[in-house]
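Visitor: Quick one, what's the 3D model for this:
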Amino acid sequence: KIPNALWANLIRERLSNVDCIKQGWILEGFPENQEQAWMLQSFGIFPRHVGSRDSGSVLCNRDIQCSGMFYPIILFKVYHTTFGWPRDPLVQQRLVKPEDLCEQEVSKKLLEYHRNFPEVFQIYQKVLKSVNADQPSVDV
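Guide: All right, here's what the predicted structure looks like:
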């Protein structure tokens, strides 16, 4: 587990690079809690938009069905047997099942998310955008 201050410092350093300043940036999975959000603000990092996926049965299936998730060995895309399987047989052959994801781990992360995010959402309430995840992934 990486300390919050270290994460925030690494993010501040990265976002100060020219490409982020000129083109913008996206953070995924950070901040995870109120302390991290306050640290970002103390560094002058204020996102213009904060996205949230409303969790329903489809989202839980997307997140929890770890048995259906596969990662390519070289590419940087995640495929799922139910929600987005590649058509190309060559890509299918290169897919590997992640060892570190299991239903129990994802369930624990979702529980932590639901515990921490009301406080984070309160901090970002003016820029918060919520997306209904109980629809086809292409629409999400």
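
Visitor: What's the mean pLDDT across the lengthiest helix in the chain?
Guide: Secondary structure of the chain per DSSP state H: the longest helix is helix 103-123. Helix 103-123 shows a mean pLDDT of 80.

Visitor: Could you check that helix and say which residues are buried?
Guide: For helix 103-123, a neighbour-count test (16 or more other Cβ atoms under 10 Å) marks 106, 113, 116-117, 120, 123 as buried. (C-beta placed from N, C-alpha, C; glycine too.)

Visitor: Between the two ends of stretch 27-45, what distance do you get?
Guide: End-to-end span of stretch 27-45 (Cα to Cα, to the nearest Å): 11 Å.

Visitor: Point out where the protein drops to low pLDDT.
Guide: Along the chain, segments meeting pLDDT under 70 span 54-83, 98-103, 106, 137, 140.

Visitor: As a check, name the ranges of all strands in it.
Guide: Secondary structure of the chain by DSSP state E: the strands cover 50-54, 69-72, 79-80, 95-96, 128-132.
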